[in-house]
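[1] Here you go, sequence then predicted model.
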Amino acid sequence: MAGVPPLAYLHDWRMRLAAHAPAHRGVPVGQVGLNVGYASESSFSTAFKRAFGTT
């Protein structure tokens with residue numbers, strides 16, 4: 001229904017949540033990664049940089 005594969009949709013959804021969390025709630029970056037489903041701050045940082053081109 002969304003027009004994209006399920007994992008691509010999940011990745012996009014997580015990144016959108018993560019992009020808005022620090023600006024709106026003052027949540028530390030490591031906690032944002034855990035909140036959106038990443039197992040570590042490192043894996044979240046890598047995925048975020050790949051999606052947005054910045055840390």
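    Good, I have the coordinates.
[2] export stretch 43-52 as CSV, just CAs?
    Only the C-alpha atoms of stretch 43-52 are listed here, as CSV (Å, rounded to 0.1, in the frame of the first residue of the first chain):
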residue,chain,number,x,y,z
SER,A,43,24.3,1.8,14.5
PHE,A,44,21.8,4.7,14.8
SER,A,45,24.5,7.3,14.0
THR,A,46,25.6,5.3,10.9
ALA,A,47,22.0,5.0,9.6
PHE,A,48,21.2,8.6,10.3
LYS,A,49,24.3,9.9,8.5
ARG,A,50,23.5,7.6,5.5
ALA,A,51,19.9,9.0,5.4
PHE,A,52,20.6,12.7,5.9
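[3] and for that stretch, what are the contacting residues?
    11-12, 14-15, 18-19, 29-30, 32-34, 36, 38, 55 (CB atoms under 8 Å, 6 or more residues apart in numbering). Bear in mind the C-beta positions are built from the backbone N, C-alpha and C, glycine included.
[4] Can you point out the buried residues in the worst-scoring helix or strand of the chain on mean pLDDT?
    When each helix and strand of the chain is scored by mean pLDDT, DSSP states H and E, helix 6-25 comes last, with a mean of 84. For helix 6-25, burial by neighbour count (16 or more other CB atoms under 10 Å) applies to His11, Arg14, Met15, Ala18, Ala21.
[5] Can you get me a residue count around Val4?
    For Val4, the tally of surrounding residues (other CB atoms under 10 Å) stands at 11.
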